[in-house]
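Asker: Structure for this input, please:
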Amino acid sequence: MNSILFAITALYVGLFPIYTTPEANSGGKFLEPSELRGFSFYPETRAGKVLDLKAAGHEYFVREGSVFRHTATGDTCIMHREGAVSYGEAVSRNEFGGNRGLFFPECPSTRVAFYRKDESAVRLFHLLDITRCESLPIRYPMNGEPSEKLALGVYDSVNDSTVWLDVCDFTSERYLTNVSWAGDTYLYVQVLDREQHNMRLNRYSALDGRFLGTVLSESNEAWVEPCEPLRFFSPEETDVFVYETDNRDGFKSLYLADISGTVRRIVEVDADIEFKGIYGDYLYYVSAEDSPARRQLFRVKISRRTSALKARISKPERLTAGDGWHEITFGRDGRYTDFFSSVGNPGVMTLCGSDGKILDTLEVKRDPLEGYARASVEFGTVPSADGKYLNHYRLIRPLGFDPSKKYPLIVYVYGGPHSQLVKDTYLAGLRLWEMVMAQRGYVVYVQDNRGTLSHGAEYEKAINRACGQVESDDQMVGIRALMEQPWIDSSRVGVHGWSYGGFMTLTLATRFPDVFKCAAAGGPVIDWKWYEIMYGERYMDNPATNPSGFAQTSLTDKAGALKARTLLIQGARDNTCVWEHSLSFLQGCIDKGIQVDYFPFPLSEHNMIRHERDYLYQKLTDWFLREL
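Answerer: Residues are numbered from 1 along each chain as shown. Alright, predicted model coming up:
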C-alpha cells in the first residue's frame, strides 16, 4: 500500500511526500463529532508523577488583583487592588512568554517580586452577558490606543516593606518582560519599548530597587520579542547566565552572557533551538537541526564560568535517537521524560537519566484510533511561494481512496505566529475532525507557511507589516498543486480556520475567490486596528505608521469579493477577537448583498469548550456535508 501511494504522490506538482501511513481497518467504526473530546494523542502518564518539577512552595497568592501572604495566623493582604490598578496578575495579555504576576527566587528568601498593572487608560469594551441581561465590560487595549502601564515591586516579609524598581526606559507604556531573579539580591528585566523594536536587559537591586545598568540590548526593524527568562547555573552564580534570542544569528539561539555585556553563542547551528534544563555543568536543549518538523535532545558542558568569555563550552552531545519528535520534560534532579513519536508511531514515553540512558519505559502509547476506520495520512513538504523554504504539510485521503474518482477538498488553516500544525508526530499532528471528514469522503489538507515556527527568524518575520499576504501565497502553492490532481474536484474546495486561521480563511476566500466554494471562519480577525496592542502592534505596527499595510490586510472592505458560501462563528464573550471583527464583516456582506451564515455561541469566549465544542464540531461537519 505504501509503495502504491508513494508512486501516486510522487507525481504531484510541488508536493514532496516523506512518509505515508496506510489506510487501516476500513470496516471499522466512524468517528462522531460528539466524541472527539474523549481522544488524546498524548501519553496518559504525566511527567509530574515521576519527576520533581515544582519549585519550593510559597506563601503568596493572588485573588482578584490583590496579593496576599498566607501565614499560620491567616491571610494578610500586602497589595490591595484599587479600581483599574491590580497587583500580582499576569500582564501584557500573556504575551512575551508570561502567564504569571508573582516571581520567587530559586533560593530560600523572604522576598517576592510582583507586577503592578494600571489599566485606567485602557478602553472598556462591552460584551454581552445573556445570563444577567446586561453588558460585560472588559479592558481591551486596541491597536494604536492607550495601553496598560506597568511597574515591578519587591516585597520583603522581614520588614513588611515594598520597594519599586527604578525603570525609566522608553515611555510609560513599556513592557516589563521575563523577570528573572539572580539569587535573592538582584533582578534582571527585559524592558521592551511599546513599538517592540528595542529591548534592554536591565539589572536592578532587589534591596532598594536601584537601576544597576543595562547588560545588553536588542534592536530590529521588524520586531524584538523576548519570550524566555534568564537561566542561571546556581543561585550563587548571579553574574553569568544563559540568554535566548533569535535576533543575533538568524535563529532562536542560546547564549552565555555576563554582566560585562559579553554575549557568546553556545551552539553554532543554523536551526532553532530551545532551552530544556540545567543540571550541574550541563545545559540541555532541543534542536530542529534534523528538520523543522523534528526535535532531538542535546547537551553541552559549560565549565569555568567565571565569565562568558573564559567559560569552556564542550561540543554538543546528542542524547536522543530516531527520526521524529522528542517531547522533553526536564526534572530538577537531572532526570527527564521523553515522549517520542513519529508519523507512523503513536509514541513511547521513557524516563531517562541525566546522561541520556533510559531508566524506565513509562508508557507505550496505544493508537487512540484503534477500532476505528483510519484513512491514509501523508506527511511531506511543499516549496514556499518565494522558493526559499520547504513548508510541511499533511494530507488525509478519503477512506477507500480511489485515484480514478474525484473528491472534494477541505483545507484547514491557521498559519499564524507561534504555531506549527504539521510535525513528525503521530499522523503528522492530525486533528481528529480531519479524520471525521476523511471518513466521509473528503480530502483534507493542512500546511504550515512562512510566519510560523521552527525555520528561523527571516521565515517568521516574512509577515512583517502585512499579515495574511505571504501566508496565503504559501498556502496557495499547496492548494493549487492539489487542484491539478485528477482525483481532486477543483470545483469543490472549502477552507476552515479559527482565530488567526479564521482571518486566513477569509483572506484566502477574498484574495482567491474563484478557488473556494465554501469557507467557515471562527473567531476571525477582520481588521488589525481592532486587535490587541501587544500582539497586533508587533506584527503590524499601527494604522498611523503603517496605513498601507492596514488597508491591504483589512477585510472590512473586501466582503464584495466573496464568492464562497461562508459561515461565520463567534463566541459572544470572546475577549480575544471581540465582536467588532465578525460583526463588521457581516455588515460588509449585508451592504454588498452577499449572503452568509452567522452563528454565535452566546456563552462562549474565544474557543468553545465541553459540550459547546461538541456542538461546534457537529455544526462544522453538517455544514461542509451540505455545502461541499
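Asker: burial measure for Ala385, as a count.
Answerer: 21 (other C-beta atoms under 10 Å). Just so you know, the C-beta spots here come from the backbone N, C-alpha and C atoms, and that holds for glycine as well.
Asker: Helix, strand, or coil at it?
Answerer: Put simply, Ala385 is coil when judged by DSSP: H, G, I helix; E, B strand; the rest coil.
Asker: ok, it touching Val470?
Answerer: Yes - in this structure, Ala385 is within contact of Val470 by C-beta atoms under 8 Å, at 6.8 Å.
Asker: Confirm that Asp622 sits in a helix.
Answerer: Yes - judged by three-state DSSP, Asp622 forms part of a helix.
Asker: How much space separates it from Asp184?
Answerer: For Asp622, the distance to Asp184 equals 58 Å [C-beta to C-beta, to the nearest Å].
Asker: The two - which one has more neighbours?
Answerer: Asp184 (22 against 11).
Asker: what secondary structure does that one sit in?
Answerer: Relying on three-state DSSP, one would call Asp184 coil.
Asker: right, and it touches Ala113 too?
Answerer: No - counting by C-beta under 8 Å, Asp184 stays clear of Ala113, with 9.9 Å between them.
Asker: Need the single longest strand in this protein, by residues.
Answerer: Determined from DSSP state E, the single longest strand within the chain is strand 488-498.
Asker: Farthest from the middle of this protein: give me that residue.
Answerer: Distance from the C-alpha centroid of the chain, by C-alpha atoms, centre = their mean, peaks at Thr73 (42.1 Å).
Asker: per-residue pLDDT, that residue?
Answerer: Per-residue pLDDT puts Thr73 at 86.
Asker: Can you list the residue ranges for helices in this structure?
Answerer: 2-9, 432-439, 457-460, 469-483, 500-511, 533-540, 547-553, 580-592, 611-627 (DSSP state H).
Asker: Most tightly packed of those helices?
Answerer: Most buried of the helices of the chain, by mean neighbour count (mean count of other C-beta atoms under 10 Å): helix 500-511, with a mean of 26.
Asker: can I get the CA coordinates of that one in CSV?
Answerer: Listed next in CSV are the C-alpha coordinates belonging to helix 500-511 (Å, rounded to 0.1, in the frame of the first residue of the first chain):
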residue,chain,number,x,y,z
TYR,A,500,-5.7,33.7,13.0
GLY,A,501,-7.0,30.8,11.0
GLY,A,502,-10.4,32.5,10.7
PHE,A,503,-8.6,35.6,9.4
MET,A,504,-6.6,33.4,7.0
THR,A,505,-9.8,31.6,5.9
LEU,A,506,-11.4,34.9,4.8
THR,A,507,-8.2,36.3,3.4
LEU,A,508,-7.9,33.2,1.1
ALA,A,509,-11.6,33.4,0.2
THR,A,510,-11.4,37.1,-0.7
ARG,A,511,-7.9,37.1,-2.3
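Asker: Which residues does that helix contact?
Answerer: 411-417, 419, 467-468, 471-472, 475-476, 495-497, 515-516, 519-526, 553, 555, 558-559, 561-564, 566, 569, 577, 585 (C-beta atoms under 8 Å, 6 or more residues apart in numbering).
Asker: what do you get if the cut-off is 7 Å, keeping everything else the same?
Answerer: With contacts defined as C-beta atoms under 7 Å, 6 or more residues apart in numbering, helix 500-511 is touched by 413-416, 468, 471-472, 475, 495-497, 516, 519-525, 555, 558, 561-562, 564, 566, 585.
Asker: Endpoint to endpoint, stretch 120-137 covers what distance?
Answerer: For stretch 120-137, the first and last residues are 13 Å from each other (C-alpha to C-alpha, to the nearest Å).
Asker: Quick one: distance of it to the chain centre.
Answerer: 27 Å (C-alpha atoms, centre = their mean, to the nearest Å).
Asker: Give me the contact list for it.
Answerer: For stretch 120-137, the external contacting residues (C-beta under 7 Å, 6+ apart) are 83-85, 138-142, 145-148, 572-573, 575, 578, 602.
Asker: Now, of the residues you listed, which are buried?
Answerer: Neighbour counting with 16 or more other C-beta atoms under 10 Å marks Val85, Arg139, Tyr140, Pro141, Met142, Ser147, Glu148, Ala572, Arg573, Asn575, Val578 as buried within these.
Asker: In contact with the last one, which residues?
Answerer: For Val578, the contact set (C-beta under 7 Å, 6+ apart) comprises Phe125, Tyr140, Trp530.
Asker: Let me have these in CSV, extended by distance to Pro22 and pLDDT.
Answerer: As requested, the contacts of Val578 are exported to CSV (distance: C-beta to C-beta, whole Å; pLDDT from 0 to 100):
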residue, distance to Pro22, pLDDT
Phe125, 50, 94
Tyr140, 49, 96
Trp530, 46, 97
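Asker: Would you mind giving those as TSV with distance to Leu53 added?
Answerer: Listed next are the contacts of Val578 as TSV, based on distance: C-beta to C-beta, whole Å:
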residue	distance to Leu53
Phe125	37
Tyr140	34
Trp530	39
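Asker: how big is the angle separating the longest strand of the chain from helix 500-511?
Answerer: Orientation of strand 488-498 against helix 500-511 (axes from the mean of the first three to the mean of the last three C-alpha atoms, to 10 degrees) gives an angle of 140 degrees.
Asker: Give me the helices and strands touching strand 488-498, please.
Answerer: In this structure, strand 488-498 makes packing contacts with strand 407-412, helix 469-483, helix 500-511, strand 518-522, judged by 3 or more C-beta pairs under 7 Å, 6 or more residues apart in numbering; DSSP states H and E.
Asker: contact partners of the last one?
Answerer: Looking back up the chat, that one is strand 518-522. Strand 518-522 is contacted by residues 494-498, 502, 505-506, 509, 564-569, 620, 623, 627-628 when judged by C-beta under 7 Å, 6+ apart.
Asker: Pick out the residue nearest the middle of the protein.
Answerer: Centroid-nearest residue in the chain, with C-alpha atoms, centre = their mean: His418, separated by 3.7 Å.
Asker: Now do it against Ser454, distance only.
Answerer: For His418, the distance to Ser454 equals 11 Å [C-beta to C-beta].
Asker: so what's Ser66 up against?
Answerer: By C-beta under 7 Å, 6+ apart, Ser66 lies in contact with Cys77, Met79, His80, Arg81, Tyr87.
Asker: What is the neighbour count of the fourth one?
Answerer: Spelled out, that is Arg81. Neighbour number of Arg81 under other C-beta under 10 Å is 18.
Asker: Identify the spatial nearest neighbour of it, chain neighbours not counted.
Answerer: Nearest-residue entry for Arg81: Gly65, 3.5 Å, with adjacent residues in sequence omitted and distances by C-beta to C-beta, 6 or more residues apart in numbering.
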